[in-house]
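Asker: sharing a model that was predicted from the sequence below.
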Amino acid sequence: VRRLLFTHVFDFLAPGGQIIVVLAVGGGIGSTTESLLDLVFPTALPVSVNEVEEDLVVTGFDVVSLELVSCPKSDASRNGEAATSERRSGNAIVVARRSAP
């Protein structure tokens, strides 16, 4: 399904155009087994950044950059206290470009 989506984007993207793919890594919404959010946002099967990068290349995109962004989560920071890392999650941001013909 992912390659089909990337192929569709590739077909309609002008040469030099970019696609940005953001992946949750290290937990996130609905990542715990007891989460009620799974009823609204079902947990997707885990996918690695390497798999997405490979699918983009196979589709014909040139991967321009890959960045991992850490997102510490803490309730203490909302109350003006020093933030403590209770749970860490993050995102992988993959930017790819359609090369000119």
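Answerer: Perfect, I can see it now.
Asker: now do the strands in the protein.
Answerer: Ranges of strands in the chain, per DSSP state E, are 18-25, 61-73, 87-98.
Asker: P46 is nearest to which of those?
Answerer: strand 18-25 (9.0 Å; C-beta to C-beta). To be clear about C-beta, it is placed using only N, CA and C from the backbone, and glycine gets the same treatment.
Asker: what sits against P101?
Answerer: Applying C-beta atoms under 8 Å, 6 or more residues apart in numbering, we find P101 in contact with P15.
Asker: let me fix that, I meant to ask about V52.
Answerer: R2, V21, L23, A92, V94.
Asker: tabulate those in CSV, adding columns for pLDDT.
Answerer: Converted to CSV, these look like this (pLDDT from 0 to 100):
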residue, pLDDT
R2, 89
V21, 94
L23, 89
A92, 90
V94, 94
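Asker: out of the residues you listed, what pair is the most spread apart?
Answerer: Counting by C-beta to C-beta, the most remote pair of these is R2 and A92, 14.2 Å apart.
Asker: ok, the closest residue to L56 other than its chain neighbours to S70 distance?
Answerer: Taking C-beta to C-beta, 6 or more residues apart in numbering, and ignoring the residues beside it in sequence, L56 has A96 as its nearest neighbour in space, at 4.6 Å. Distance, A96 to S70, by C-beta to C-beta, to the nearest Å: 22 Å.
Asker: ditto for R3
Answerer: Distance from R3 to S70, by C-beta to C-beta: 29 Å.
Asker: one step back: and A96 and S70? which has more neighbours close in?
Answerer: Neighbours per residue, other C-beta atoms under 10 Å: of A96 and S70, the larger number sits with A96, 27 against 11.
Asker: picking that back up, of the strands of the chain, which is nearest T7?
Answerer: strand 61-73 (10.1 Å).
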